[in-house]
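*Asks:* next input, structure requested:
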Amino acid sequence: MSQIEMVGLKHSSIDDLLKWEMNIREPKVGSKALMGKLYEACRLNNGNTMDPTFGRITYGQQLIHKERGVPKAYQTGTLGGYASSIFKFMDADFTVIVLSSGVPYNGYLGMQSAY
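*Replies:* Numbers count the residues shown, from 1 in each chain. Model prediction:
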């Protein structure tokens, strides 16, 4: 496998993440019910939800909480010096996708665009 092929397996482009977001909104792969499951809180065997200080964890590996009183769902990831963040402000039907290199966390950029 070439280096270029290997990079394609490890990183997402803005186009990839936009397709992902659009499919969640209007599913072409999967169903509305499945996409809705992505926002449901993970439940432990005892029925409790997973609620660390930074948000409620969902089955879609998102964190949901309020930022300055505004509900949002977000995901972040880093790999090989690249970082990505997706912030979804469901009440406003507004999504911000941030990609960067050399920055371990780029979420503040997405949050700044929302205010």
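*Asks:* before we move on, which element is the spatially most central residue of the chain in?
*Replies:* For the chain, the residue nearest the mean C-alpha position is Q75 (2.9 Å; CA atoms, centre = their mean). Taking DSSP states H and E as the definition, Q75 sits inside strand 70-79.
*Asks:* find the nearest non-adjacent residue to K66, please.
*Replies:* K72 (7.3 Å; CB to CB, 6 or more residues apart in numbering). For the C-beta atoms, the positions are set from N, CA and C on the backbone; glycine is no exception.
*Asks:* likewise for V29?
*Replies:* N23 (5.7 Å).
*Asks:* so what's H65 bridging to?
*Replies:* K72 (DSSP bridges).
*Asks:* all numbers from here: first residue = 24
*Replies:* With the count now opening at 24, the last piece we talked about shows up as H88.
*Asks:* contacts only, for it.
*Replies:* F77, G78, R79, P94, K95 (CB atoms under 8 Å, 6 or more residues apart in numbering).
*Asks:* kindly indicate the member of those residues with the most neighbours.
*Replies:* With neighbours taken as other CB atoms under 10 Å, the top of the contacts of H88 is K95, carrying 24 neighbours.
*Asks:* surely it and I87 touch.
*Replies:* Yes - using CB atoms under 8 Å, K95 makes contact with I87 at a distance of 7.2 Å.
*Asks:* what lies in contact with the lengthiest helix in the chain?
*Replies:* Ranked by residue count, the top helix of the chain under DSSP state H comes out as helix 37-48. Here helix 37-48 makes contact (CB under 8 Å, 6+ apart) with S35, V52, G53, M58, L61, S107, I109, K111, T118, I120, L122.
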